[in-house]
Structure formats: structure tokens, C-alpha cells
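A.B. asks: What follows is a predicted protein model with its sequence.
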Amino acid sequence: DTAVSQTPKYLVTQMGNDKSIKCEQNLGHDTMYWYKQDSKKFLKIMFSYNNKELIINETVPNRFSPKSPDKAHLNLHINSLELGDSAVYFCASSQDAGVTDTQYFGPGTRLTVL
Amino acid sequence: AQSVTQLGSHVSVSEGALVLLRCNYSSSVPPYLFWYVQYPNQGLQLLLKYTTGATLVKGINGFEAEFKKSETSFHLTKPSAHMSDAAEYFCAVKYGNKLVFGAGTILRVKS
């Protein structure tokens, strides 16, 4: 009965490859997010979707493309992976995009690019 | 610029001692403030949040935080540390529809 789940948990790949990370939430929330946590543990928002519509798109290389097939899923596709993409990627969801809404985080996907 | 500052990247306390983790933020509008905890190899879990109302907020696991507008602070405290409190703690502020995190503070609890 995991609230926010991500697959895979670990991902090791070569530079130049294309990979996807999947996220699903069973909380009935309308808004989902992707965060990147770098090697210094600094967390930064990448994207946010509300009702399948993109509402936050930070300064992220266009090699990163989020896709939301429905409200319960937000997947992250990364093209032409680079060494600097190595990080932990967290998916999160909230009831809405309101300022007081609590965000619930998934367990993270540790991406290692060799 | 929107920013969240956590003073001290590492804090070490003895078991049973007071825990104090500091957080200051920059905001020109009423802030919405959060503390999250991250245990090793896990996702972030909400400890507590301040939106409006009482400035002293109680959270899970005996933690609490006080919003002080005059000091633009939202420090996290716990009267008596337990070994299970060892984790990394993140302060976050909602700016518009974005949650901006501090750099985190690793709490070590010594027996």
C-alpha cells in the first residue's frame, strides 16, 4: 500500500544511453513532482504536473522530458545521459498545487551514469 | 532571491540531550514552512509544517518547531534525542507553487 512508488530503485547505465524512471501515486492526488538530489544532498525541483498539465518547468536540460499519462503517474525520461546526471531522483505528490499542500515523497531512484 | 539556510551541515548530540536544528528563510510574504526527515537510503518524510495560526507547531516523533517572523526562522527542536533520530533533516519553504529546500543538516546521536 505504498503511497508514492518509484521504479527502479537503482539504475546504473552508460553515458549516452536513454533511460526512464517511473512514478506512481495511489493517494488520489492531483499534483506530482520530480526532484533531483545531487551528491551534496541538495534537493531541487525539476518539474511539476497538475492534472496532467505541466505547471513547473525549472531550468533543466531538454534531455529530460516528463510524461504524465494520467494523474496517478509521472514518468521521467532522460536522453543521452551524462555523468552529471548521476543523482537521486525523487518523485512526490500533493493533493493540489496549493501553497499549503503537503508533498509526499517516494523512496527515490539512485541513477549512476558511468 | 528565494533561499533557505540551515546553519550547520552536521549536528552531534548525546542521547537524551536537546536537539536544535536551525533554519532561516528569506520571504517577503507570509511563508509556509516545512521540516522533512530523510533516513539513510529512504525518501523524505514530513515531520511538521506551519501554514497559519499557532506559531509553535508539533510534529511526529516528539519534534516541534517555532515560527518567528521577526527572526525569519523556523528552528526544529526535540527535548530529548533518541538514537533513532539520527538522520538528515531538511527545512523547506513554499514560494508560490515551488518547495525550496535548505541544504540539510545531518543529525548524529551519540550513546
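C.D. replies: Nice, thanks for sending it over.
A.B. asks: wait, what's in contact with the nearest residue to B:Val19 once chain neighbours are set aside?
C.D. replies: The shortest distance from B:Val19 to any non-neighbouring residue, by CB to CB, 6 or more residues apart in numbering or on different chains, is to B:Lys78 (4.2 Å). C-betas here are computed from N, CA, C, even on glycine. B:Lys78 makes contact with B:18-19, B:61-64, B:85, according to CB atoms under 8 Å, 6 or more residues apart in numbering or on different chains.
A.B. asks: what sits against A:His29?
C.D. replies: In this structure, A:His29 makes contact with A:71, A:93-96, A:104, judged by CB under 8 Å, 6+ apart.
A.B. asks: can we see that at 10 Å?
C.D. replies: A:3-4, A:50, A:71-72, A:92-96, A:101, A:103-104 (CB atoms under 10 Å, 6 or more residues apart in numbering or on different chains).
A.B. asks: Then B:Ala92?
C.D. replies: B:Ala92 makes contact with A:43, A:103, B:4, B:23, B:25, B:32-36, B:44, B:46, B:49, B:74, B:98-102, according to CB under 10 Å, 6+ apart.
A.B. asks: A:Asn79 too?
C.D. replies: Counted by CB under 10 Å, 6+ apart, A:Asn79 has contacts A:16-19, A:61-65.
A.B. asks: Quick check: ChimeraX command selecting the buried ones in the residues you listed.
C.D. replies: Applying 16 or more other CB atoms under 10 Å in any protein chain shown to the contacts of A:Asn79, the buried members can be selected in ChimeraX as follows:
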select /A:19,64
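A.B. asks: so of the contacts of A:Asn79, which ones are in helices?
C.D. replies: Judged by DSSP state H, helices contain none of these.
A.B. asks: what's the helix or strand for the residue nearest the centre of chain A?
C.D. replies: The residue lying closest to the centre of chain A (CA atoms, centre = their mean) is A:Trp34, at 3.0 Å. Applying DSSP states H and E as the criterion places A:Trp34 in strand A:31-37.
A.B. asks: what lines up beside that strand in the sheet?
C.D. replies: strand A:43-50 (antiparallel), strand A:87-94 (antiparallel) (DSSP bridges).
A.B. asks: Quick one: mean pLDDT for that strand?
C.D. replies: The average pLDDT within strand A:31-37 is 94.
A.B. asks: now do stretch B:42-60
C.D. replies: On average, stretch B:42-60 scores 91.
A.B. asks: Over to stretch A:46-61?
C.D. replies: Stretch A:46-61 comes out at a mean pLDDT of 86.
A.B. asks: And that stretch, end to end?
C.D. replies: With CA to CA, to the nearest Å as the measure, the first residue of stretch A:46-61 is 10 Å from its last.
A.B. asks: swap in stretch A:50-70?
C.D. replies: By CA to CA, one end of stretch A:50-70 lies 10 Å from the other end.
A.B. asks: Equivalent analysis for stretch B:93-105, please.
C.D. replies: 15 Å.
A.B. asks: and what of stretch B:79-88?
C.D. replies: End residues of stretch B:79-88 are separated by 18 Å (CA to CA).
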